[in-house]
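Trainee: I need the structure of the sequence given here:
(one chain, ligands or ions: 1)
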Amino acid sequence: MHYISHFFAFNVTQQSIMEAKTTEHDETVVYSEEWLSSLPKAKGITEDNTYQYQGFWFGTISLQGLIDCQQHFRPRQNDVLLVTAPKSGTTWMKAILYALLHRQKYHPQDAHHPLRQKTPHQLVPFMELTKPSEYDSLFLDSTSRIFGCHFPIRCLPKSITEEDDDGSTNIKIVYLCRDIKDTFTSLFHFANKIGDCLTRLHYEPALGLRSSPVSLEEAFHLFCKGTNVAGPIWDQILEYWKESLERPNKVLFMRYEELKSEPHAQLRRLARFLGRPFSPEEELMEMVDQITSLCSFGSMSKLQVNSTGHFLPGVSNSSYFRNGQVGEGNKWLTPEMAAKLDQITQDKFRGSGLKL
Ligand code: PAP
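Mentor: Next up, the predicted model:
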């Protein structure tokens, strides 16, 4: 058994990444208050407390979901796992994946398309929020199970990361990241929406979510320290980047900004990776454009299901749709904050070939 639980937030080296890839998960861990209290603990941004496990920081719910996943998840052929750091475009990519993989059954222009009735988070559940007993039952009417999560690659069970003997892979991983300053800005706003919402609803803080607003300065400090969910964000991104270079058939590395600037090209790239390229007939009937339109910010954010209610107790669905712009970080951060994030990003990614 090998743990990397005391990994230092700003110290991911090439060697540690290689080590992490061989990390064995402790099958005997039992999620409990006692076990939590054995882990390093720190303030989070969206959570009151986060806990460090295998080198990354998690809220209580995500940690419970992770342990369940490590111990009970068994992949099936055609499964897809979407991984993101929080606020990198998860909701958007969930919608795209759902529309793409179900396009035969549900035409994107269908007025009763599931994406017009349910939030992307209901159709593509977070692994963090899914009980082992639901791994199959949530997908009874579907051949493809699509899950989302914020788990670092080193934390995924081998059943997900390893390939079959013949080199084929039974679960594909789509990794989406976003400009770090924009991700932070989005996270900061989201954290304060949660605070708002919880106070309004007098919601019991059962999910461990923040119960009061956080200042820009404090959120920034915690983000740089890396004690937010799936933080340090740079380490999560870097590990998936390296894996995508080593195993391009297993991990597809995507960027929010590219999805914005060239949605059609990125959608085709995604479809090819998933083994579901658009046929000439589909191209002719402009299926790519129809999926892009259905999943666009303008279309999704206006739907009643996304602008009212809450799929997660105490968190309004509308808080997943702020404005979906590129470059917001430069508007909200002071020049010093922006420069600091740029510097950390540059230092962390140096030599990796990755630029964000
Ligand atoms: P999550 O990781 O907690 O699920 P996530 O969906 O990644 O959250 O973050 C929401 C962000 O994605 C918001 O960004 P913003 O705060 O900068 O506005 C949200 O607006 C954006 N977003 C949601 N849906 C879309 C979409 N269809 N197109 C573009 N951006 C979107």
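Trainee: Next up, phi/psi of whatever residue of the stretch 101-250 of the chain ends up closest to the ligand, please.
Mentor: Using Cβ to the nearest ligand atom, the closest approach of the stretch 101-250 of the chain to the ligand is made by residue 186 at 3.2 Å. Glycine gets a C-beta too; all of them are placed from N, C-alpha and C. The phi and psi values for residue 186, taken as degrees, to the nearest 10, are phi -60, psi -40.
Trainee: Could you report the neighbour count for it?
Mentor: 25 (other Cβ atoms under 10 Å).
Trainee: Look up how far the ligand lies from the closest residue to it other than its chain neighbours.
Mentor: Of all residues not flanking residue 186 in the chain, residue 87 sits nearest, at 3.8 Å (Cβ to Cβ, 6 or more residues apart in numbering). Applying Cβ to the nearest ligand atom, to the nearest Å, the value for residue 87 to the ligand is 4 Å.
Trainee: quick one, phi psi at residue 87?
Mentor: Dihedral angles (degrees, to the nearest 10) for residue 87: phi 80, psi 20.
Trainee: which residues touch it?
Mentor: 178, 183, 184, 186, 187, 190 (Cβ atoms under 8 Å, 6 or more residues apart in numbering).
Trainee: Mind doing that once more with 7 Å?
Mentor: 183, 186, 187, 190 (Cβ atoms under 7 Å, 6 or more residues apart in numbering).
Trainee: Can you tell me the element the nearest residue to residue 266 once chain neighbours are set aside falls in?
Mentor: Distances taken as Cβ to Cβ, 6+ apart place residue 259 nearest to residue 266, at 5.0 Å, with adjacent residues excluded. If you go by DSSP states H and E, residue 259 is part of helix 256-261.
Trainee: could you give me the average pLDDT of that helix?
Mentor: In this model, helix 256-261 carries a mean pLDDT of 98.
Trainee: got a pLDDT number for residue 208?
Mentor: 75.
Trainee: what's the neighbour count on the closest residue to residue 331 other than its chain neighbours?
Mentor: Counting by Cβ to Cβ, 6+ apart, residue 331 lies nearest to residue 185, which is 7.7 Å off, once chain neighbours are set aside. A count of neighbours around residue 185, defined by other Cβ under 10 Å, yields 25.
Trainee: Do you know the pLDDT at residue 185?
Mentor: On the pLDDT scale, residue 185 gets 98.
Trainee: Beyond the worst-scoring helix or strand of the chain on mean pLDDT, next helix or strand please.
Mentor: For the chain, counting by mean pLDDT, DSSP states H and E, helix 14-21 ranks last in confidence among helices and strands (a mean of 44). Toward the C-terminus, helix 14-21 is succeeded by helix 33-36 as the next helix or strand (DSSP H and E).
Trainee: list the buried ones in the following helix or strand past that following helix?
Mentor: As assigned by DSSP H and E, the chain's next helix or strand after helix 33-36 is strand 41-43. Neighbour counts over strand 41-43 (16 or more other Cβ atoms under 10 Å) mark 42, 43 as buried.
Trainee: Same question for stretch 322-330.
Mentor: 322, 324, 328, 329.
Trainee: just stretch 343-356 next, same as before
Mentor: 344, 345, 348, 349, 354, 356.
Trainee: ok, residue 54 touching residue 154?
Mentor: Yes - between residue 54 and residue 154 there is a contact under Cβ atoms under 7 Å: 6.1 Å.
Trainee: Tell me which of those two has more neighbours.
Mentor: residue 154 (23 against 20).
Trainee: C-alpha coordinates for stretch 79-93, PDB please?
Mentor: Extracted C-alpha coordinates of stretch 79-93, given in PDB (Å, rounded to 0.1, in the frame of the first residue of the first chain):
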ATOM      1  CA  ASP A  79     -18.400   4.300 -20.700                       C
ATOM      2  CA  VAL A  80     -17.200   7.900 -20.800                       C
ATOM      3  CA  LEU A  81     -15.700   9.800 -18.000                       C
ATOM      4  CA  LEU A  82     -15.600  13.600 -18.200                       C
ATOM      5  CA  VAL A  83     -13.000  15.100 -15.800                       C
ATOM      6  CA  THR A  84     -12.600  18.800 -15.100                       C
ATOM      7  CA  ALA A  85     -11.400  21.100 -12.400                       C
ATOM      8  CA  PRO A  86     -14.500  22.800 -10.900                       C
ATOM      9  CA  LYS A  87     -15.700  25.700 -13.100                       C
ATOM     10  CA  SER A  88     -13.800  24.700 -16.200                       C
ATOM     11  CA  GLY A  89     -16.900  24.100 -18.300                       C
ATOM     12  CA  THR A  90     -18.200  20.900 -16.700                       C
ATOM     13  CA  THR A  91     -21.900  21.700 -17.300                       C
ATOM     14  CA  TRP A  92     -21.300  22.700 -20.900                       C
ATOM     15  CA  MET A  93     -19.300  19.600 -21.700                       C
END
